[in-house]
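Engineer: from the sequence below, what's the structure:
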Amino acid sequence: MKTLIYFFLTLSFTLGMLSTSYADDANVARLDLNADGMIDGLDLTLVAAHFGETSTADESPNPDLNGDDIVNILDLVLVARHFGETSGIPFEVTDATFDSVVLGSERPIVVEFKSEFCGWCQLMKPIVAEVAAEHRETFAVVKLDVNTQPAKTAEYEIRATPTYIVFQNGEVVGSFIGAKQKAVLVEEILALISVEAH
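Structural biologist: This is a model prediction of the structure:
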């Protein structure tokens, strides 16, 4: 378990310091340390070796910490939060994890409903990542793919991408649609968050 904590904390804190980090294929490739196309126990073993530790397959815990059958940056963020740290990385949520992550958040949280086929969404990736990192003490940012997560897309009646919905205390406090300049995006988010959250 100590090896797992070293692994997750090292990567979480490193990624959290990069203002342009976001949960995309480039980050997944960087976390796939042995370049076998997936993030798994073998990657944990490589990091353990860096710290001078060894572990057998039986000792390696399941790195899918939130049980969504995907090992990704969300699992890293969960460990960082356990230790009171926030990375600011905009991570993906699913229909299955939405309620616990978004509605259960103690901080205001912005959900970007996006599509991999949306040009405006691709344009917003670095902007959203910078905003999330720079304002991580005030609000969190998560993303939901409208093409692969139909339940929440339908529930919130998403008609265009990107759509941003701001939640506070488990309730929708406002929303807006479309690509924005960085300053405008921040202004619109902060305008929807109550004074107590600042």
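Engineer: strands of this protein, start to end?
Structural biologist: All strands of the chain, identified by DSSP state E, fall at 91-92, 109-114, 140-145, 163-168, 171-177.
Engineer: now K182, nearest residue through space, not along the chain?
Structural biologist: Closest residue in space to K182, ignoring its immediate chain neighbours: I127 at 5.1 Å, by CB to CB, 6 or more residues apart in numbering. (Each C-beta comes from the backbone N, C-alpha and C, glycine too.)
Engineer: next, count neighbours for R136.
Structural biologist: For R136, the count of nearby residues is 18 (other CB atoms under 10 Å).
Engineer: quick check, pLDDT for it.
Structural biologist: In this model, R136 is scored at 83, pLDDT.
Engineer: ok, V166 touching S175?
Structural biologist: Yes. V166 lies in contact with S175 (CB atoms under 8 Å); the separation is 6.8 Å.
Engineer: please say which of the two ends up with more neighbours.
Structural biologist: V166 (22 against 18).
Engineer: that older thread, and the strands of the chain: which comes nearest F98?
Structural biologist: Closest approach to F98 among those (CB to CB): strand 140-145, 6.9 Å.
Engineer: what's the closest one in contact with?
Structural biologist: By CB atoms under 8 Å, 6 or more residues apart in numbering, the surrounding residues in contact with strand 140-145 are 23, 86, 88, 90-94, 98, 101-102, 105, 107-116, 128, 131-132, 152-153.
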